[in-house]
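K.L.:
Give me the fold of what follows.
(2 chains)
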Amino acid sequence: EAQVTQNPRYLITVTGKKLTVTCSQNMNHEYMSWYRQDPGLGLRQIYYSMNVEVTDKGDVPEGYKVSRKEKRNFPLILESPSPNQTSLYFCASSPRTGLAGVSVEDEQYFGPGTRLTVT
Amino acid sequence: AQSVTQPDIHITVSEGASLELRCNYSYGATPYLFWYVQSPGQGLQLLLKYFSGDTLVQGIKGFEAEFKRSQSSFNLRKPSVHWSDAAEYFCAVGPPIYNTDKLIFGTGTRLQVFP
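P.N.:
As a prediction, the model looks like this:
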């Protein structure tokens, strides 16, 4: 089954304790992205990756890191979490090819979400 | 600046009633347009999308949306709502040229359905 998986689904942690949220897709997609969802703000992009070893900042990258060492995985790293990073996080992937080629398959496939609470 | 507006934060309808969720966008050109649904505790699922051509697009679960260039709108409709349609709905726009792969989301409309 084609899917995007995230782990953990729920996490409660304390300020300053480093954590990683994993994201994996089995569709051989080139593009992957992380969003956070907050009430009244919709989804905002944190980081995205056009391909392996290619990552770039989204709208709200502060306090986050990402890596793309393999095509299927795109972990989100919070080196020193703070309470304002309490949110619902979604990973997404898409087969888009960017400037190298235009694909009409623009649909982004979303993971089930990770609810993070930082106390 | 690119933006998406969903003016209705919360909508309540009776089961069997018709539904229209509004979405307006601000963009330099005609973007790609999407509607996603998020059921409680779930991720986002694509309902439908518009790239070009026929301005009335059909999606899953009986939803449709109409692109109106003159109004910069892409409203979502369903003729008869089912209780299982209770969820949050997000309109999103994407760039027509792939200089960025970012989707811009609206703030969402929460739909409540009464029996």
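K.L.:
dump the residue contacts of residue 109.
P.N.:
Since you didn't name a chain, this refers to chain A. Residues near A:Tyr109 by C-beta atoms under 8 Å, 6 or more residues apart in numbering or on different chains: A:Ala2, A:Gln3, A:Val4, A:Gln25, A:Met27, A:His29, A:Ala92, A:Ser93, A:Ser94. Glycine gets a C-beta too; all of them are placed from N, C-alpha and C.
K.L.:
um, chain B though
P.N.:
Neighbouring residues of B:Thr109 by C-beta under 8 Å, 6+ apart: B:Gln6, B:Asp8, B:Ile9, B:His10, B:Ile11, B:Leu21, B:Arg22, B:Glu88, B:Tyr89.
K.L.:
if we go to 10 Å?
P.N.:
Taking C-beta atoms under 10 Å, 6 or more residues apart in numbering or on different chains, we find B:Thr109 in contact with B:6-11, B:21-23, B:76, B:87-91.
K.L.:
Top of those by number of neighbours, please.
P.N.:
Neighbour counts for the contacts of B:Thr109, by other C-beta atoms under 10 Å in any protein chain shown, peak at B:Cys91, which reaches 29 neighbours.
K.L.:
separation between the closest residue in space to that residue that isn't next to it in sequence and chain A?
P.N.:
Nearest residue to B:Cys91 in three dimensions, chain neighbours excluded: B:Cys23, at 3.5 Å (C-beta to C-beta, 6 or more residues apart in numbering or on different chains). Separation of B:Cys23 from chain A (C-beta to the nearest C-beta, to the nearest Å): 12 Å.
K.L.:
just checking, B:Ser18 touches B:Asp85?
P.N.:
No - assessed by C-beta atoms under 10 Å, B:Ser18 is found out of contact with B:Asp85, at 11.6 Å.
K.L.:
okay, now A:Val54: neighbour count?
P.N.:
By other C-beta under 10 Å, 12 other residues sit near A:Val54.
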